[in-house]
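# requesting a structural model of the entry that follows:
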Amino acid sequence: MKVLERETGISLLVPDGRGIRCTPAAVELVREVEPLLAAMEDAVANVGSVARHARIGPLRPTRIGAFEYCSTWLVPLVWDEASMTGGLELVEGGPGSLESLVVDGVIDLLVTQAPVPTEGVRFQAVDSPLEMGVYGCAERFADVPLDELPFAAPMTMASRTGIGLRSLDGWPFEEAVRTVRFRVDLLETALAFCRAGRAVAWLPAPIVRAQDAYLRTSARLERLPHVPHDPAQDQRLSVGYRAADEPDAAWTLAARLAASTRA
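As a prediction, this is how the structure comes out:
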């Protein structure tokens, strides 16, 4: 305080009994300086923000591409607000097209059941497989022969995509083994036919559990006995990422997908 008095030439403090008190000049000095100090703090904060922005760049959304059933079920379950502070952009696509989006920089990660080997894209397998089965209304379809069950199946035939699957839903047998009554683009459409008791579908068990959690008991789907569980028929997901990127985000997403699949 003595240094400030010497530099300003103003008496700021005077004795007051056993203590001291501010002079009127000191009170006026504080009133004048307070806005200047506040402006200085704002300036320092703004400069720091610019420096951080230049160093790490602006926050941008996490960009993920996925099969339609992955986007409607798996990705919401693994959403992490802490690591996705810039938000989420979710693109739906099929085999081959998702890999191209990664290469072109449109998305950063992809989730697929049918990875297509692509230059510039690497894949991280999800440890926990998706248990598959025929699901529908047991009361209506349990005694119907397999070849007479009315299936809801993907509109696009996997044979047209070159990924080595018979069908995009992962149906493990020849198409002639089942009767496809409804060809649909969206999984949710197939589920609607199943819940209405009009169709059955070849589905991943975790997806059925997830959608049953929001339905009344009478609308829930049950596994039908026509195709006993065979681990060889389970589907395995993979997370794809650009080969030039660090794999940490892909590893994290794969681990969360594995945990949610086992739940």
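# can you map out the helices along the stretch 51-200 of the chain?
Per DSSP state H, counting those that start in this stretch, the stretch 51-200 of the chain carries helices over the ranges 68-69, 75-78, 97-103, 138-141, 187-195.
# out of those helices, which is closest to W251?
The closest approach between W251 and any of the helices of the stretch 51-200 of the chain, judged by CB to CB, belongs to helix 75-78 at 12.5 Å. Quick note: C-beta positions are derived from backbone N, CA and C, even for glycine.
# avg pLDDT for that closest one?
Average pLDDT, helix 75-78: 64.
# in CSV: the helices of the stretch 51-200 of the chain, plus distance to L12.
As requested, the helices of the stretch 51-200 of the chain are arranged in CSV below (distance: least, CB to CB, whole Å):
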stretch, distance to L12
helix 68-69, 73
helix 75-78, 61
helix 97-103, 66
helix 138-141, 88
helix 187-195, 74
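# same list (those helices) but as CSV, adding distance to P24 and mean neighbour count.
Output for the helices of the stretch 51-200 of the chain, formatted as CSV (distance: least, CB to CB, whole Å; neighbours: other CB atoms under 10 Å):
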stretch, distance to P24, mean neighbour count
helix 68-69, 75, 20
helix 75-78, 65, 16
helix 97-103, 70, 20
helix 138-141, 90, 15
helix 187-195, 75, 20
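# comparing these by mean pLDDT, which bottoms out?
Lowest mean pLDDT of the helices of the stretch 51-200 of the chain: helix 75-78, a mean of 64.
# that older thread, indicate which one of the helices of the stretch 51-200 of the chain is closest to R122.
Of all the helices of the stretch 51-200 of the chain, it is helix 97-103 that lies closest to R122, at 9.5 Å by CB to CB.
# which strands and helices sit next to that closest one?
strand 62-66, strand 109-112, strand 121-125, strand 238-242 (3 or more CB pairs under 8 Å, 6 or more residues apart in numbering; DSSP states H and E).
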